[in-house]
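In: only geometry, no sequence info:
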């Protein structure tokens, strides 16, 4: 059984293009619910995987989608969608069973993927007795704030 990777993608472009992408995701969601199988846009080859599962979005969040993939993010598929519609995107993903946590951006036809590596995950520890995470002298109830801080630092380093 696959580990599920959680994905959030935000597309940016002209309003009419974002509406077309919204319709694409609505169509994939409806088809997935009907046949109970992961989906890909019709213009993408089904040979490489990267299927979308459990697609959803919050009402009013035009161009922002959440979904799951098996094992790892499907940024190659997201990039093909962006190229097809000539838009940009930000793609956040995580699958903590295999220590996958990162953010991919696609702006001006350039894909950048920043992700945490083993050395990053080794910077904090879990205290089983107190059920808290220790990082840089502070205690945290959850590791998500720590992971987000570590990722933001890596992004800033890459930007300089």
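Out: Alright, I've got the coordinates. No experiment lies behind these values; they were computed from the predicted model shown. Residues are numbered from 1 along each chain as shown.
In: and the lengthiest helix in the chain, what's buried?
Out: Secondary structure of the chain per DSSP state H: the longest helix is helix 15-35. Of the residues in helix 15-35, 18, 21-22, 24-25, 28-29, 32 count as buried by neighbour count, 16 or more other Cβ atoms under 10 Å. Where C-beta positions appear, they are placed from N, C-alpha and C, glycine not excepted.
In: in terms of secondary structure, what does the host helix or strand of residue 90 contact?
Out: Per DSSP states H and E, residue 90 falls inside strand 88-95. Applying 3 or more Cβ pairs under 8 Å, 6 or more residues apart in numbering; DSSP states H and E, we find strand 88-95 packed against strand 4-12, helix 75-85, strand 100-107.
In: would you mark the buried spots in the last one?
Out: It refers to strand 100-107. Of all the residues in strand 100-107, those buried under the rule 16+ other Cβ under 10 Å are 100-106.
In: tell me the strands beside that strand, with direction?
Out: strand 88-95 (antiparallel), strand 110-115 (antiparallel) (DSSP bridges).
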